[in-house]
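S.K.: okay, predicted coordinates and the sequence, questions at the end:
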Amino acid sequence: MLQRVPSALQRALQNARFSGPSTSTRALGLLVTRRVLHGCSVNTTSTPRKTCGRIQLLRPMSSSAVEHKVVRRRQKRTVNNLDPKRLNMSDIIDLNGSTQLYPFFGASRSRIVYSNAARSTTPFPPHARGFFYYHSRPGLPTGTGEIRFRVVDSRSASHSAAYLFANGRDLLDRTGHKPWRIHMLQIYSTRNYDPIRRLLLSQGLIDLARDREAEQKFSVAGFERVGKSIILDTISDAFVIQLPIMTLCLAFIHDECIVPASQVAYKLHWRDRHETVEGSDARWREYQGAAVVRYELKKAETNKMFHGAKQGEVVLVLRILELLDPAGPDEVPFRLPEGGDLAQGGSPSFYWFMPLDTARKQGIITPSSLKILEELYLNDRASTETTPTKGHS
C-alpha cells in the first residue's frame, strides 16, 4: 500500500522541471512502499531494497539509452547466402564501427573480428556495408578459398544486388594492402566458424568429398597459429609482408599436403643507395614498409651475392615485386630496379636464399610445387638436384 506523500514534497515534485523531450523517457522514477522497492534499480541489480516507508528517488533514464536498446534489438545480422551469384538485397550486412560481432550464418552465430592481432580493438571501418561471400580460384588444392566482404553503395534502391556486388570493392584488412578474409584453413581449424562451414556445404559451394579430404589433411598437424600467419594457396602466389622482418611465418597448401604455419625465414631486409656517381661512398638506406613478394627459383650467380651457394646451383629466393610505402624518410622515394629485386639477408651484400633440400624439409616445396616453380622460372629445365649448402639468413 502506498503512503501519502507529504504536501511539501508533493508541491516540490509538481514544480520540478525536467529537460528533455518528454517525461515518458526522462521522468524521475519515484516509488514509495512500506517495505520493499520492486522492479526498479539504478545499477541494473535485481536485489530488492528495503525502504522502511521512506521515499527513494531513482536516477532518470535518458531517451538516448532507450533508443540505443531499441536499435540494438533491430540489428540482428543474419547471413543466409555466401554465393556471389545468388545475392539478394536482404543479404546486405552492416559492420560499420563494430570491433566484433556475432552474425548468424544460417541458424547459428559466429564471432567475426576485423583484426586477428592479439588484444586488437580495431573496429570495422566506416561504411563497411555489403555482402559476405565465398571467393575461390579454380584448379587449386583442397583447403583453399576464403570468405570476403564486398563493400557496396546501397543508397539507391533501384539497383539489383548483382549490380551492387559487381560495382563494389572488397573490404581491405587493417594494413590497407590486401583483402580482409577468413581463410578456409581458419574455418576448418576453429569451431567458431562451424556455422560458416555448414552454410558453405548447404549451398554446394564446397562439396562433401572435398570437405572430408580437407578434414583428413587438417588432422595430420595442428593449426593453432594459422589465423595470425600468411597462408599461400599455391607456391607461386604473391603476398604482402612488412620489411624489415625478423621472423617470417607462413602456412602452405600443396596438392600433397597442408603445412601449418611455421618460421620459414629470418632477418629479411631490402636496402638501396641514392643515385650517385660511380665509385662514390653512398650510404645504404633501409626500406621500412609493406612490400609485395613471391617465391622464385634462381641459379646462384658468380657475383658472390649468394653467399655459400655453388655457382649454378638452383636455390629458392624471395623476389620483391613492389614497395607499397616508397616514400623515404629523407624525402627521396625508394625505387626498385625494373623487374623487382631479391630480398636481402642481414647484410646488403648478400641476397637471402634457401637451398632446395632445406625447403623440402620445411615443407615449403613439394614435388607439385617444385614443378610449378620450375615451369615459371627455369626455362632450360635445369637440374634441381643439389648438394646441401648453407644459406645466408
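M.R.: Here it is on my side, so go on.

S.K.: which residue packs closest to Ile206, ignoring adjacent ones?
M.R.: Counting by Cβ to Cβ, 6 or more residues apart in numbering, Ile206 lies nearest to Leu200, which is 4.8 Å off, once chain neighbours are set aside. C-betas here are computed from N, CA, C, even on glycine.

S.K.: typo on my end, Leu82
M.R.: Among residues not flanking Leu82 along the chain, Tyr134 sits closest, at 4.5 Å (Cβ to Cβ, 6+ apart).

S.K.: count the neighbours of that neighbour for me.
M.R.: 19 (other Cβ atoms under 10 Å).

S.K.: and if you look at the one 3 residues further on?
M.R.: The burial count assigned to Arg137 is 11, neighbours taken as other Cβ under 10 Å.

S.K.: ok so Ile196 is a helix residue?
M.R.: Yes: with DSSP: H, G, I helix; E, B strand; the rest coil as the criterion, Ile196 is part of a helix.

S.K.: quick one: the nearest residue to Arg181 once chain neighbours are set aside and Ser236, what's the gap?
M.R.: Ranked by Cβ to Cβ, 6+ apart and with sequence neighbours excluded, the top spatial neighbour of Arg181 is Glu146, at 4.1 Å. Per Cβ to Cβ, to the nearest Å, Glu146 is found 17 Å from Ser236.

S.K.: mind listing what Leu200 touches?
M.R.: Going by Cβ atoms under 8 Å, 6 or more residues apart in numbering, Leu200 touches 82, 134, 187, 206.

S.K.: contacting residues for the first one?
M.R.: What that stands for is Leu82. By Cβ under 8 Å, 6+ apart, the neighbours of Leu82 are 105, 132-134, 147, 196, 199-200, 203, 205.

S.K.: three-state assignment of it?
M.R.: Leu82 ends up coil, using three-state DSSP.

S.K.: please report phi then psi for it.
M.R.: Per-residue torsions, Leu82: phi -120, psi 10 (degrees, to the nearest 10).

S.K.: please apply the same query to the one 4 residues further on.
M.R.: With angles defined as degrees, to the nearest 10, Arg86 shows backbone torsions of phi -130, psi 30.

S.K.: burial count for it?
M.R.: 12.

S.K.: where in the chain is pLDDT low?
M.R.: Within the chain, the stretches with pLDDT under 70 are 1-75, 117-120, 156-157, 219-228, 274-282, 302-303, 380-393.

S.K.: now stretch 247-261: how far from the chain's centre is it?
M.R.: In terms of Cα atoms, centre = their mean, to the nearest Å, the centre of stretch 247-261 is set 18 Å apart from its chain centre.

S.K.: which residues touch Cys150?
M.R.: Wrong residue type there; residue 150 is Arg, not Cys. Applying Cβ under 8 Å, 6+ apart, the residues near Arg150 are 84, 130-131, 133, 165, 168-171.

S.K.: inside strands: which ones of these?
M.R.: Among these, the members falling in strands (DSSP state E) are 130-131, 133, 169-170.

S.K.: now the two most distant members of the residues you listed.
M.R.: Greatest spacing in the ones in strands among the contacts of Arg150, by Cβ to Cβ: Tyr133 and Arg169 (12.7 Å).

S.K.: surely Met184 is in contact with Gly143?
M.R.: Yes: Met184 lies in contact with Gly143 (Cβ atoms under 8 Å); the separation is 5.6 Å.

S.K.: okay, Tyr133 and Arg169: which has more neighbours?
M.R.: Between Tyr133 and Arg169, counted using other Cβ under 10 Å, the more crowded position is Tyr133 (22 against 11).

S.K.: near the residue nearest to Leu342 when sequence neighbours are not counted, how many other residues are there?
M.R.: The shortest distance from Leu342 to any non-neighbouring residue, by Cβ to Cβ, 6+ apart, is to Tyr351 (4.4 Å). For Tyr351, the count of nearby residues is 25 (other Cβ under 10 Å).

S.K.: let me see the contact set for Tyr351.
M.R.: In this structure, Tyr351 makes contact with 305-306, 317, 342-345, 392, judged by Cβ under 8 Å, 6+ apart.

S.K.: so in terms of bridging, what pairs with it?
M.R.: Gln344 (DSSP bridges).

S.K.: mind checking which helix or strand the closest residue to Ala265 other than its chain neighbours is in?
M.R.: Nearest non-adjacent residue to Ala265, counting by Cβ to Cβ, 6+ apart: Leu248, 4.1 Å away. Using DSSP states H and E, Leu248 falls within strand 245-253.

S.K.: from the chain's centroid, how far away is that strand?
M.R.: In this view, strand 245-253 has its centroid 16 Å away from the chain centroid, taken as Cα atoms, centre = their mean.

S.K.: on that earlier part again, which among the contacts of Leu200 gets closest to Leu232?
M.R.: Leu232 lies nearest to Ile187 out of the contacts of Leu200, by Cβ to Cβ, at 16.8 Å.

S.K.: in contact with the spatially closest residue to that closest one that is not a sequence neighbour, which residues?
M.R.: Spatial nearest neighbour of Ile187, chain neighbours left out: Tyr193 (4.2 Å); criterion: Cβ to Cβ, 6+ apart. When contacts are counted by Cβ under 8 Å, 6+ apart, Tyr193 touches 110, 182, 186-187.

S.K.: can you pick out the most distant pair from those?
M.R.: Farthest pair in the contacts of Tyr193 (Cβ to Cβ) is Ser110 and Gln186. Separation: 10.9 Å.

S.K.: burial count for Thr121?
M.R.: Thr121: 10 surrounding residues under other Cβ under 10 Å.

S.K.: these two touch, right, it and Thr99?
M.R.: Yes: under the criterion of Cβ under 8 Å, Thr121 makes contact with Thr99 at 5.1 Å.

S.K.: verify the contact between Asp272 and Trp284 for me.
M.R.: Yes: using Cβ under 8 Å, Asp272 is in contact with Trp284, at 7.3 Å.

S.K.: more neighbours: those two, which one.
M.R.: More neighbours surround Asp272 than the other of Asp272 and Trp284, with 19 against 13 (other Cβ under 10 Å).

S.K.: quick check: that one is in a helix.
M.R.: No: using three-state DSSP, the assignment for Asp272 is strand, not a helix.
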